[in-house]
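Student: Dropping a prediction and its sequence here:
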Amino acid sequence: MQRIRVQVTGSAYDVRIGTDLLPTLGREAKAASRSPDAFLITDAHVADHYLGPAVQSLRAAGLAPMAVAVPPGEGAKTLAQAGDLYDRMLRAGLDRGGVVVGLGGGVVTDLAGFVAATYMRGVAWVAVSTSLLGQVDASVGGKTGVDHPECKNLIGAFHQPAAVLADVGTLATLPDEELRTGLAEVVKHAMIRDAALLERLEADAGALLARDPAVLEAVVARNVEIKAEVVSADEREGGLRRILNYGHTVGHAIESYAMEAGAALGGGPATHGRAVALGMVAEARIARRRGLLAEDAERRQRQVLARLGLPVTLNEPLDAERCLALARHDKKAEAGRLRFVLPEAVGRVVQADDVTDDEVRVALACLAER
Ligand SMILES: NC(=O)c1ccc[n+]([C@@H]2O[C@H](COP(=O)([O-])OP(=O)(O)OC[C@H]3O[C@@H](n4cnc5c(N)ncnc54)[C@H](O)[C@@H]3O)[C@@H](O)[C@H]2O)c1
Ligand SMILES: [Zn+2]
């Protein structure tokens with residue numbers, strides 16, 4: 001088991017990464033609460049596998065859990081769903097001293113964290129991340145929230161959990177496509193901050209795909225460390241957090257485009273991870289054409305993405321002009337200006353706000369190359 005301390009805005013919490021951590025949920029939740037009430041939020045997929053042991057652990061710690069399973073998927077991240085949860089929390093008599101537990105992927109922990117942030121102006125919460133994306137990305141930084149029909153993650157709050165459990169044993173049941181989504185963020189973390197992590201991914205791609213628990217534990221722990229370093233440094237070095245957006249300027253545009261057009265991405269479903277992989281390929285190409293990034297580094301990124309089962313080319317037609325328009329509408333684009341994070345080497349990036357539309361067009365065209 002590895003324990004990583006996340007220090008943010010005057011508070012701190014531990015992320016524990018390992019196998020067989022679910023039985024320790026009761027202890028963590030108990031430590032966070034001042035009453036026996038525990039309100040557990042999960043989704044129907046995760047409930048099938050892990051609700052039983054989670055409830056058992058909460059009970060064993062002397063808590064009286066009430067559990068609700070929301071429908072799986074992004075569709076559950078709504079104010080209406082949050083409203084339904086408030087109703088149930090109130091009916092269950094959850095008071096300010098109680099604790100909320102989010103057991104699931106990023107959707108569930110974002111929703112549970114948001115409900116915990118807002119119910120009675122904030123109650124304690126504990127996250128049990130069961131998806132790779134949840135463990136390496138959503139578990140660190142304290143961002144919680146729900147979607148607006150017109151904009152993802154529009155409504156939210158910062159609310160740090162009291163503790164996070166990342167039980168890599170739970171990844172055994174995660175569907176392949178969801179594992180790949182997490183792996184795209186892992187490659188991103190390596191490219192922005194850690195050349196040694198990229199070497200590890202090159203060496204251990206097979207073991208990761210086979211969900212070897214020891215390799216998963218080491219990789220998740222390093223990713224939590226990287227994200228924690230970046231978000232806590234952001235409070236001092238304004239804007240460092242933006243480097244987490246590598247691959248996402250083009251990636252988000254491709255993702256929105258595929259949703260809108262009902263298109264596939266690289267022969268597979270239009271997931272966030274596949275879009276980010278293609279986004280990183282395109283953004284690395286912009287960096288190489290600017291003479292920032294060596295050809296060998298660009299090739300290594302491409303190879304590692306492909307070995308992890310992520311797309312590096314688009315088999316589908318893409319309307320570059322529509323993609324550019326979507327990128328400009330992204331909430332992270334300031335006054336329609338595209339902000340890029342470009343790699344200078346494996347493990348090192350710079351920020352650029354002077355990338356031209358033509359550079360983006362050429363980079364999008366490179367996605368059609370074989
Ligand atoms: N708060 C943050 O900083 C942050 C960062 C990144 C992403 N996010 C959010 O995270 C969400 C995406 O998270 P996600 O990819 O985990 O999606 P998700 O929570 O929808 O999980 C993906 C799918 O896998 C299933 N699943 C999860 N764990 C499982 C397991 N162990 N076994 C079997 N099935 C399992 C879920 O039921 C779901 O169907 C998005 O809403 C995104 O906005 C938040
Ligand atoms: Zn992402």
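Tutor: Thanks, I have the structure now. Ligands and ions are numbered 1, 2, ... in the order given.
Student: Residue 191: which element?
Tutor: Element membership for residue 191 (DSSP states H and E) is helix 176-193.
Student: pLDDT score for the residue nearest to the spatial centre of the chain?
Tutor: With the centre of the chain defined as its mean C-alpha position, the nearest residue by C-alpha atoms, centre = their mean is residue 137, 3.6 Å away. Note on residue 137: pLDDT of 96.
Student: Please state the offset of the helix holding residue 191 from the chain centre?
Tutor: Helix 176-193 sits 9 Å away from the centroid of its parent chain (C-alpha atoms, centre = their mean, to the nearest Å).
Student: repeat for stretch 123-138
Tutor: The answer for stretch 123-138 is 9 Å, by C-alpha atoms, centre = their mean.
Student: Please name the residues that touch residue 13.
Tutor: Residues near residue 13 by C-beta atoms under 8 Å, 6 or more residues apart in numbering: 5-6, 160-164. C-beta coordinates here come from the backbone N, C-alpha and C atoms, glycine included.
Student: Please tell me how far residue 323 sits from residue 305.
Tutor: Distance check for residue 323 against residue 305: by C-beta to C-beta, to the nearest Å, it reads 19 Å.
Student: So for these two, which residue has more residues nearby?
Tutor: Per other C-beta atoms under 10 Å, whichever of residue 323 and residue 305 has more neighbours is residue 305, with 26 against 21.
Student: Residue 276 is in contact with that one, correct?
Tutor: No. Residue 305 is beyond contact range of residue 276, at 9.7 Å (criterion: C-beta atoms under 8 Å).
Student: Name the residues contacting each of those two.
Tutor: With C-beta under 8 Å, 6+ apart, residue 305 and residue 276 have common neighbours residue 184.
Student: mind saving the C-alpha coords of the helix or strand following the helix holding residue 191 as PDB?
Tutor: Next in sequence after helix 176-193, counting helices and strands by DSSP H and E, comes helix 195-209. Once non-C-alpha atoms are left out, helix 195-209 reads as follows in PDB (Å, rounded to 0.1, in the frame of the first residue of the first chain):
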ATOM      1  CA  ALA A 195      10.200  10.900 -18.400                       C
ATOM      2  CA  ALA A 196      10.800   7.900 -16.100                       C
ATOM      3  CA  LEU A 197       7.100   7.200 -16.000                       C
ATOM      4  CA  LEU A 198       7.000   7.100 -19.800                       C
ATOM      5  CA  GLU A 199       9.900   4.500 -19.700                       C
ATOM      6  CA  ARG A 200       7.900   2.500 -17.200                       C
ATOM      7  CA  LEU A 201       4.900   2.600 -19.500                       C
ATOM      8  CA  GLU A 202       7.000   1.500 -22.500                       C
ATOM      9  CA  ALA A 203       8.400  -1.400 -20.400                       C
ATOM     10  CA  ASP A 204       5.100  -2.400 -18.600                       C
ATOM     11  CA  ALA A 205       2.400  -1.800 -21.200                       C
ATOM     12  CA  GLY A 206       1.600  -5.500 -21.300                       C
ATOM     13  CA  ALA A 207       1.400  -5.900 -17.500                       C
ATOM     14  CA  LEU A 208      -0.800  -2.800 -17.300                       C
ATOM     15  CA  LEU A 209      -3.200  -4.100 -19.800                       C
END
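Student: List the contacts of residue 277.
Tutor: So residue 277 contacts 184, 187, 247, 251, 266, 305, 310-312 (C-beta under 8 Å, 6+ apart).
Student: returning to what we had before: show me the contacts for the residue nearest to the centre of the chain.
Tutor: Counting by C-beta under 8 Å, 6+ apart, residue 137 has contacts 106, 182, 185, 223, 227.
Student: low-confidence ranges in the chain?
Tutor: In the predicted model, the chain carries pLDDT under 70 at residues 236-237, 331, 333, 370.
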